[in-house]
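Undergrad: need a 3D model of the following:
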Amino acid sequence: MRVTLTSREAVEELRLWADYYEARAAALEIMRREGTAGAALAQIVARDTLARSTLARIKEIREVT
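TA: Purely as a prediction, here's the structure:
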């Protein structure tokens, strides 16, 4: 795992963490408000996909396997 990042990578990583938590929170809010059936499920999956892609990029930056 990489410990030192360039300033550009550090800024990107912070943005990615914000995007990750926002997507997770949005998915949970949809579940709380609408449940997990029908159209809500598609929205939940979309938020989950976004969260997973941001986490994958964070792992690339940090060189985590």
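Undergrad: my read: residue 30 touches residue 42, true?
TA: No: using C-beta atoms under 8 Å, residue 30 is not in contact with residue 42; the gap is 9.8 Å. Using the backbone N, CA and C atoms, a C-beta is placed for each residue, glycine as well.
Undergrad: have a look at the two and say which one is more surrounded.
TA: Each of residue 30 and residue 42 had its neighbours counted (other C-beta atoms under 10 Å), and the higher figure belongs to residue 30 (19 against 9).
Undergrad: give the contact list for the more buried one.
TA: By C-beta atoms under 8 Å, 6 or more residues apart in numbering, the contact list for residue 30 reads 40, 43-44, 47.
Undergrad: for the record, mean pLDDT for the strand or helix carrying residue 13?
TA: Assigned by DSSP states H and E, residue 13 belongs to helix 7-34. Mean pLDDT, helix 7-34: 98.
Undergrad: how about it, which residues are buried there?
TA: Buried positions in helix 7-34, judged by neighbour count with 16 or more other C-beta atoms under 10 Å: 13, 16, 19-20, 23-24, 26-27, 30.
Undergrad: helix or strand right after it?
TA: helix 39-62.
Undergrad: packing partners of that following helix?
TA: helix 7-34 (3 or more C-beta pairs under 8 Å, 6 or more residues apart in numbering; DSSP states H and E).
Undergrad: quick one, the helix it packs on and helix 39-62 angle?
TA: Here helix 7-34 runs at 160 degrees with respect to helix 39-62, directions being taken by axes from the mean of the first three to the mean of the last three C-alpha atoms, to 10 degrees.
Undergrad: report back the residue of the protein that's furthest from centre.
TA: residue 38 (22.7 Å; C-alpha atoms, centre = their mean).
Undergrad: how much space between that residue and residue 50?
TA: 20 Å (C-beta to C-beta, to the nearest Å).
Undergrad: coming back round to it: which residues touch the residue farthest from the centre of the chain?
TA: Residue 38 neighbours (C-beta under 8 Å, 6+ apart): none.
Undergrad: ok, it to residue 15 distance?
TA: From residue 38 to residue 15 the distance is 32 Å (C-beta to C-beta).
Undergrad: now swap in residue 48 and tell me
TA: Taken as C-beta to C-beta, the span from residue 48 to residue 15 is 19 Å.
Undergrad: sounds good, over and out.
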